[in-house]
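1. Just the structure for this:
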Amino acid sequence: MVEVPARKGVHPAAQIVFVDTPGVHKPGSQLDRRMLQEVHEALESRDVVLVLMDATRKVQLAAEASQVSKSKPPSAGSGQAFDKLTAGSGASISSRRDAWASEDEFLFSLIRGLDCPVFLVLTKIDLAPKEQLLPLIEALTRQFNFAEVIPISARKRDGLDVLIRKIVEALPRGERYYPKDQYTDQPVRFMVGELIRESILIETGEEVPYASAVVIERFEEPQPISSKSKKTPLTRIAAAIYCERAGQKAILIGKGGSKLKEIGAGARRKIESLLGTRVYLELHVIVQPGWRESRTFVESLDWRNQLENLAGDRAEDEAVTEDRDKEDAD
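-> Numbering: from 1, shown residues only. So this is what the prediction gives:
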């Protein structure tokens with residue numbers, strides 16, 4: 001959630017709810033299909049779609065795709081603003097995936113079915129030669145009649161004010177969705193898992209991350225401490241990193257456990273910043289062959305299912321404790 005202050009003569013105060021979806025790609029595994037399902041659910045309520053394109057990469061579009069007529073100017077929808085984009089059911093998309101020559105064509109096949117404003121947001125323009133941007137924009141706008149084309153550089157903050165202003169202009173007036181001081185509706189356990197995955201990406205490059213999953217096994221909130229104590233509360237977290245092959249496990253652990261220590265140290269610093277406490281982080285690596293093709297395993301990664309399981313475990317523990325107390329009383 002982003003709070004946007006009013007700008008006199010430009011736009012009123014606003015709250016933008018961004019829904020970050022997985023990157024758009026043709027589904028090739030159970031995990032991919034589950035990710036596309038998440039995107040499909042997100043698209044059920046949205047007002048604006050932002051298609052993020054890296055300005056430094058080469059877009060792959062087949063010659064026949066350029067013959068597709070431009071879509072009609074989109075009309076306003078209902079719901080929330082949202083970046084990246086995906087839509088459609090896993091089954092229907094999966095059955096057609098071989099008909100698409102590239103991921104980019106697959107993306108355009110999805111946005112052509114939308115009935116809301118779609119913005120093309122070209123990212124990393126500070127890294128792309130200026131003479132490359134115009135041909136790229138022309139190639140992309142031949143495929144779809146975008147409501148806005150906005151080049152940005154997040155690092156230099158170029159174009160961000162324009163992007164925010166255009167989003168606010170496109171959003172309908174309505175009640176605030178969330179309190180001013182709330183910036184996400186994701187549970188802390190989910191965010192902690194994402195920070196660990198981010199650390200894996202940073203420390204291993206593209207060798208392992210897309211075949212790895214993180215499950216938070218234990219999350220012990222800090223006990224209240226005396227107001228006179230100078231110590232910062234300590235949160236204890238244990239997480240399992242799942243991978244598919246022994247070779248990936250070796251990369252994640254590193255010589256003498258060095259890589260796993262680097263992953264843990266990087267994640268711990270960010271988690272401490274998130275929680276505002278000291279963090280004791282315990283990581284271990286588990287090989288789960290073919291986990292991306294296991295529907296049961298993929299479903300278990302959903303944080304909502306993890307919270308349900310956690311609640312069930314707690315209820316079971318409380319029931320056991322209550323039975324023991326009764327036995328002791330007898």
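2. Roughly how far does residue 155 sit from residue 167?
-> Residue 155 is 20 Å from residue 167, where distance means CB to CB, to the nearest Å. (Each C-beta comes from the backbone N, C-alpha and C, glycine too.)
3. Could you do residue 107 as well?
-> Look at residue 107 and residue 167: by CB to CB, they are 20 Å apart.
4. about what we covered before: so which of residue 155 and residue 167 has more stuff around it?
-> Using other CB atoms under 10 Å, the more surrounded residue of residue 155 and residue 167 is residue 167, with 24 against 11.
5. ok, the more buried one - contacts?
-> 16, 48, 50, 81, 119 (CB atoms under 8 Å, 6 or more residues apart in numbering).
6. can you pick the most crowded of those residues?
-> With neighbours taken as other CB under 10 Å, the top of these is residue 48, carrying 26 neighbours.
7. in this protein, which segments are predicted with low confidence?
-> Within the chain, the ranges that satisfy pLDDT under 70 run 21-45, 60-102, 183, 185, 206-207, 209, 225-229, 302-330.
8. Mind splitting it into its structural domains?
-> The chain breaks down by automatic domain parsing into domains covering 2-170, 188-327.
9. before we move on, back to that, got CSV for the contacts of residue 167, with distance to residue 160 and secondary structure too?
-> Formatted as CSV, these follow (distance: CB to CB, whole Å; DSSP: H, G, I helix; E, B strand; the rest coil):
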residue, distance to residue 160, secondary structure
16, 12, strand
48, 16, strand
50, 12, strand
81, 14, strand
119, 13, strand
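10. So which residues of the stretch 1-150 of the chain form helices?
-> 30-42, 90-96, 103-111, 130-141 (DSSP state H, counting those that start in this stretch).
11. Enumerate the positions of the third one that are buried.
-> The reference is to helix 103-111. Neighbour-count burial for helix 103-111 flags 104-111 (criterion: 16 or more other CB atoms under 10 Å).
12. need the residues you listed in TSV with distance to residue 150, can you?
-> Below are these laid out as TSV (distance: CB to CB, whole Å):
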residue	distance to residue 150
104	19
105	22
106	23
107	17
108	18
109	23
110	20
111	16
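13. I'd like to know how far the closest residue to residue 148 other than its chain neighbours sits from residue 150.
-> Leaving aside its sequence neighbours, residue 148 sits nearest to residue 119 (CB to CB, 6 or more residues apart in numbering; 4.4 Å). According to CB to CB, residue 119 and residue 150 sit 6 Å apart.
14. any residues in contact with both of the two?
-> Common neighbours of residue 119 and residue 150 (CB under 8 Å, 6+ apart) are 163, 166.
15. circling back to that earlier point, ok, of the contacts of residue 167, which one's closest to residue 232?
-> residue 16 (33.3 Å; CB to CB).
16. Tell me which helix or strand comes right after the strand or helix carrying residue 260.
-> Here residue 260 is covered by helix 258-275, with elements defined by DSSP states H and E. Of the helices and strands lying after helix 258-275 in sequence (DSSP H and E), the nearest is strand 278-287.
17. Just the CA coordinates for whichever helix or strand comes after that following strand, please, in CSV.
-> Going down the chain from strand 278-287, the next helix or strand is helix 295-300, by DSSP H and E. Extracted C-alpha coordinates of helix 295-300, given in CSV (Å, rounded to 0.1, in the frame of the first residue of the first chain):
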residue,chain,number,x,y,z
ARG,A,295,0.7,-30.5,-6.3
THR,A,296,0.6,-31.4,-2.7
PHE,A,297,4.0,-29.8,-1.9
VAL,A,298,3.3,-26.7,-3.9
GLU,A,299,-0.1,-26.2,-2.1
SER,A,300,1.7,-26.6,1.2
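18. Show me what helix 295-300 is packed against.
-> If you count contacts as 3 or more CB pairs under 8 Å, 6 or more residues apart in numbering; DSSP states H and E, helix 295-300 packs onto helix 30-42, helix 303-329.
19. Go again with 10 Å.
-> The contact analysis (3 or more CB pairs under 10 Å, 6 or more residues apart in numbering; DSSP states H and E) places helix 295-300 against helix 30-42, strand 213-220, helix 303-329.
20. how close does residue 116 sit to residue 250?
-> In terms of CB to CB, residue 116 sits 46 Å off from residue 250.
21. If you count surrounding residues, which of the two has more?
-> residue 116 (20 against 13).
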